[in-house]
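Colleague: What follows is a predicted protein model with its sequence.
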Amino acid sequence: MRGSKSFSRYFFAGILLLLAGIIRAQCLDPFAANFDPAENSEKECRYAKTIQNPPFLYLLDKEIEENSGLEWYNGLLWTHNDSGGEALLYGLNPETGKIVQRIEIENVKNKDWEEITLDDTYFYIGDFGNNAANRKDLAVFRFPLSAIPDSGDVKVQAEKIFFHFPDQSKFLINWDSNNFDCESMVAGKDHLYLFSKNRGDQQSKLYSIPKEPGTYTAKYIDSFNSRGLVTGATFDAETNLLALVGYTYKSWQPFIWLFYDFEGEDFFSGNHRRFDLPNHTTVQTEGIVFVSPYQLMISAESSKTFSARMFEFDIRSFADKRQLAVNQSKEADWLRKTTDAEAVLIVVDKLKAADYLCVFFDKEGRELQQIVLQLDKDSDRLTIPAEILNQLHSVALFGKRNTYYTTLHDE
């Protein structure tokens, strides 16, 4: 029937555009101020200025008043001190911030530890603080997660990954215009990703290095106008979200950048929005970590005006598409299973004809796939990609004026 063919045509056209990356030529983020699934001109998503005041949780022990990196593992928050501190990782009770576990790295020193991250196998420590731009011994240390006991202190040995930046040729002391400092790192599938802290141009450069021990030239990937100094990073592969924390140079206003809808692990290739934290001006934000989907914790080291402390920040209302659809949906129960295993029936009289961003979700609310489609009065069936058919639980349609959400029901 004509409606089914029309719908399938737009469905598969949308998939092809998505795979080719052409879909990024329009703003397809329903959280953006200029979201429009019908727009075909090249356009970057724009967001309203967002001011937040993350709630204060607790003060941190003086033993970690120079805390820098922040990570989440085995039910504990993990941190460390930066330049000149002991070669220790501290496990914190997330409810109180009290130190309950310590890991000593026996075979390395803390020249300027600035960040920690992990994957399924290893813990990584970034000894790459380079405030004066003259370091030639930048390194990442790694040790297996299996070496960490469920409780009690432990000593471990680390393997070493050495690297240098490909675009740095001079190593003279340079404090004010240094673009080769680094305090942020996340672990991807096969590489570690580094985000520079540039006092020279207030931007951040993205590099990658292998995870394996050795000596490498970092690979430059892209740069981003962070409009300030980036001091911490965290990546949640489940939601495909990257968050960077930092503060403005000399004015000390903390900020958070959120990145999403990027291609693979090219984090700067997708959408991004900034959160300014003016109520925390002069708080030296240093660490950030996802402790659960959409839930961030942020640490700050001591400064002249504030002692070391911890904050939390719930970003669900800014990033969870399913929750947005549930909150804004004007109709429900408009999609039903049919005897055709590859299609579902659209109850057309409940929906407005328009262009939509169609997003498929599983039972846990994870996004399975999204497409751009045109819905008209003759569109009566939606063909579901075979690879997500068994996982599909609900569907959202985001239009410029209308939003619809429904779970999948039997006909």
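Modeller: In hand now; what should we look at?
Colleague: make it CA atoms for all contacts and neighbour counts henceforth
Modeller: Fine.
Colleague: What residues sit buried inside stretch 364-378?
Modeller: G365, R366, E367, L368, Q370, I371, V372, L373, Q374, L375, D376 (16 or more other CA atoms under 10 Å).
Colleague: Just the closest of those to L70, please.
Modeller: Closest to L70 out of those is R366 (25.2 Å), distances taken as CA to CA.
Colleague: Leaving out sequence neighbours, find the closest residue to that closest one.
Modeller: T239 (7.1 Å; CA to CA, 6 or more residues apart in numbering).
Colleague: Can I get the buried residues of stretch 364-378 in CSV including distance to V186?
Modeller: Output for the buried residues of stretch 364-378, formatted as CSV (distance: CA to CA, whole Å):
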residue, distance to V186
G365, 24
R366, 22
E367, 22
L368, 24
Q370, 26
I371, 29
V372, 31
L373, 35
Q374, 38
L375, 40
D376, 44
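Colleague: May I see these organised as TSV, with pLDDT and distance to I384 added?
Modeller: What follows is these, written out as TSV (pLDDT from 0 to 100; distance: CA to CA, whole Å):
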residue	pLDDT	distance to I384
G365	93	17
R366	92	16
E367	92	14
L368	93	11
Q370	91	11
I371	90	11
V372	89	14
L373	86	13
Q374	88	15
L375	89	15
D376	87	18
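Colleague: Okay, and which of those map to helices?
Modeller: Of the buried residues of stretch 364-378, none are assigned to helices by DSSP state H.
Colleague: Among those, which one lies nearest to Q284?
Modeller: R366 (33.6 Å).
Colleague: surely that closest one meets A237?
Modeller: No: the pair R366 / A237 is not scored as a contact, 11.2 Å apart, by CA atoms under 8 Å.
Colleague: Of the buried residues of stretch 364-378, just say which sits nearest to K111.
Modeller: Distances from K111 to those, taken by CA to CA, are shortest for R366, at 40.7 Å.
Colleague: residues near N179, how many?
Modeller: As a burial measure, N179 scores 24 neighbours (other CA atoms under 10 Å).
Colleague: what's the answer for G84, then?
Modeller: Neighbours of G84 (other CA under 10 Å): 12.
Colleague: quick one: low-confidence parts of the stretch 301-411 of the chain?
Modeller: 409-411 (pLDDT under 70).
Colleague: how does it look with 80?
Modeller: Low-confidence segments of the stretch 301-411 of the chain (pLDDT under 80): 337-343, 348, 409-411.
Colleague: what about the helices in it?
Modeller: 316-319, 321-328 (DSSP state H, counting those that start in this stretch).
Colleague: What are the phi and psi values at E114?
Modeller: phi -130, psi -20 (degrees, to the nearest 10).
Colleague: what sits against it?
Modeller: 68-69, 81-83, 125-129, 182-184 (CA atoms under 8 Å, 6 or more residues apart in numbering).
Colleague: Repeat the analysis, applying 7 Å as the threshold.
Modeller: E114 sits next to S68, G69, D82, G126, D127, F128, G129, E183 when contact means CA atoms under 7 Å, 6 or more residues apart in numbering.
Colleague: Repeat that for A147.
Modeller: A147 touches V156, counting by CA under 7 Å, 6+ apart.
Colleague: pLDDT value on it, please?
Modeller: Note on A147: pLDDT of 98.
Colleague: go on, S299?
Modeller: 98.
Colleague: Can you tell me the SS state at it?
Modeller: At S299 the chain is in strand, as set by DSSP: H, G, I helix; E, B strand; the rest coil.
Colleague: Would you check how far apart it and L351 are?
Modeller: 46 Å (CA to CA, to the nearest Å).
Colleague: Look at these two and report which has more neighbours.
Modeller: Here S299 and L351 are compared on neighbour count by other CA under 10 Å; more neighbours surround S299, at 29 against 19.
Colleague: partner residues bridging that one?
Modeller: G287, M310 (DSSP bridges).
Colleague: so who does it touch?
Modeller: By CA under 7 Å, 6+ apart, the neighbours of S299 are T285, E286, G287, I288, R309, M310, F311.
Colleague: Recalculate using a threshold of 6 Å.
Modeller: T285, E286, G287, R309, M310 (CA atoms under 6 Å, 6 or more residues apart in numbering).
Colleague: This completes my enquiry, with thanks.
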